[in-house]
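[1] Predicted coordinates and the sequence they were generated for:
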Amino acid sequence: GSLLAAEGLHKAYGETPALDGAEFSIHPGEVVAVMGPSGSGKSTLLHCLAGIISPDAGTVRYGPYELTGLSDAQRSALRRTDFGFVFQFGQLVPELTALENVALPLRLNGTKRKEAERQAREWLERLEVDDVRGKRPGEISGGQGQRIAVARALATRPRVVFADEPTGALDSLNGERVLTLLTDAARETHAAVVLVTHEARVAAYSDREIVVRDGRIKDMLAGLI
Ligand code: ADP
Ligand code: ADP
């Protein structure tokens, strides 16, 4: 069955509708690209699926949990243990080195310092940025920063990785490298990936793509059946 599934999602910001009956599902280890034009509701969908915001109506089920039925504290605990996040930019802690940034979520989950740093080191190697482990975010390139962000998102071995325009600030060569490393590492650890993007080429890294338009999922098979 599906790992994460949503039905009938509605969400409006004041008078502005963002989701208008969207549904979604993803299987363990599956990489789903969420495409669609700017303003179509992709980020709002991702935020509802991850329990960051609550929909006005509809359900989000993760394993045995109904996210909208959990308290804020239960939802944030679930995010810390089961979910990983990669955003477009501005996500690394500027005062911490690359190594400390990747070790941080492990420390927050109770891993001892030495072991957290050992695992962080492994993730930096896997993402090919071990050479900058002692540097701070202000001293490295955008592509290196996104690789470190991917290492940090995967270090806690999440069941679902939510990536919102993870390559939006990179040139195409660096972007493709980050997507390759992200999807390869996710597949190795059997993490599902919800990959939000408006770039068509990103779909090549996914198992399946869905298109959001005006807050709904456009059924791409409808014309074929
Ligand atoms: P996308 O990720 O596809 O660009 P969003 O989910 O960010 O789409 O936005 C969907 C719609 O909701 C847009 O009209 C956007 O301007 C609006 N919106 C998103 N977030 C907010 C917010 N926090 N406050 C007000 N309007 C918002
Ligand atoms: P994305 O590129 O992921 O769609 P945006 O740059 O549109 O994100 O939005 C960045 C942040 O601003 C998000 O937290 C989003 O919810 C919020 N936001 C988006 N549109 C609006 C809006 N019209 N009014 C207020 N906040 C918004």
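    Ah, there it is. Numbers count the residues shown, from 1 in each chain. Ligands and ions are numbered 1, 2, ... in the order given.

[2] How about the residues of this structure by ligand 2?
    Contact residues (C-beta under 6 Å from any ligand atom) of the chain with ligand 2: Ser43, Asp164, Glu165. Placement of C-beta: from N, CA and C, glycine included.

[3] give me the element the residue most central in space within the chain is part of.
    Here the mean C-alpha position of the chain is nearest to the C-alpha of Phe162 (C-alpha atoms, centre = their mean), at a distance of 1.4 Å. According to DSSP states H and E, Phe162 maps onto strand 160-164.

[4] one step back: in contact with the residue nearest to the centre of the chain: list those residues for me.
    Under the criterion of C-beta atoms under 8 Å, 6 or more residues apart in numbering, the neighbours of Phe162 are Leu46, Leu49, Ala50, Phe83, Gly84, Phe85, Val86, Val194, Val196.

[5] Quick check: which ranges of the protein have low pLDDT?
    Regions of the chain meeting the criterion pLDDT under 70 cover residues 90, 219-225.

[6] what residues does it put near ligand 1?
    Contact residues, the chain versus ligand 1 (C-beta under 6 Å from any ligand atom): Tyr13, Thr16, Ala18, Gly36, Ser38, Gly39, Ser40, Gly41, Lys42, Ser43, Thr44.

[7] 5 Å instead, please
    Counting by C-beta under 5 Å from any ligand atom, the residues of the chain close to ligand 1 are Tyr13, Thr16, Ala18, Ser38, Gly39, Ser40, Gly41, Lys42, Ser43, Thr44.

[8] quick one: Thr183 from ligand 1, how far?
    Here the distance between Thr183 and ligand 1 works out to 20 Å (C-beta to the nearest ligand atom, to the nearest Å).

[9] Show me where the chain has its helices.
    42-49, 72-82, 98-108, 113-126, 142-155, 172-188 (DSSP state H).

[10] Can you add mean neighbour count and distance to Val60 and give those back as JSON lines?
    JSON lines is the format used below for the helices of the chain (neighbours: other C-beta atoms under 10 Å; distance: least, C-beta to C-beta, whole Å):
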{"stretch": "helix 42-49", "mean neighbour count": "24", "distance to Val60": "6"}
{"stretch": "helix 72-82", "mean neighbour count": "14", "distance to Val60": "10"}
{"stretch": "helix 98-108", "mean neighbour count": "22", "distance to Val60": "22"}
{"stretch": "helix 113-126", "mean neighbour count": "17", "distance to Val60": "28"}
{"stretch": "helix 142-155", "mean neighbour count": "25", "distance to Val60": "20"}
{"stretch": "helix 172-188", "mean neighbour count": "18", "distance to Val60": "21"}
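
[11] Nearest to Gln91, out of the ones you listed?
    In terms of C-beta to C-beta, the element of the helices of the chain nearest to Gln91 is helix 142-155, at 5.4 Å.

[12] what's the angle from the closest one to strand 160-164?
    Going by axes from the mean of the first three to the mean of the last three C-alpha atoms, to 10 degrees, helix 142-155 is angled at 160 degrees with respect to strand 160-164.

[13] Which member of the residues of the chain next to ligand 2 is positioned nearest Ile217?
    Closest to Ile217 out of the residues of the chain next to ligand 2 is Ser43 (14.7 Å), distances taken as C-beta to C-beta.

[14] Give me the nearest residue to the closest one, chain neighbours excluded.
    Spatially, and ignoring its direct neighbours in sequence, Ser43 is nearest to Asp164 (5.8 Å; C-beta to C-beta, 6 or more residues apart in numbering).

[15] Beta-bridge partners for that neighbour, please?
    Taking DSSP bridges, one obtains Val196 as the residues bridged to Asp164.
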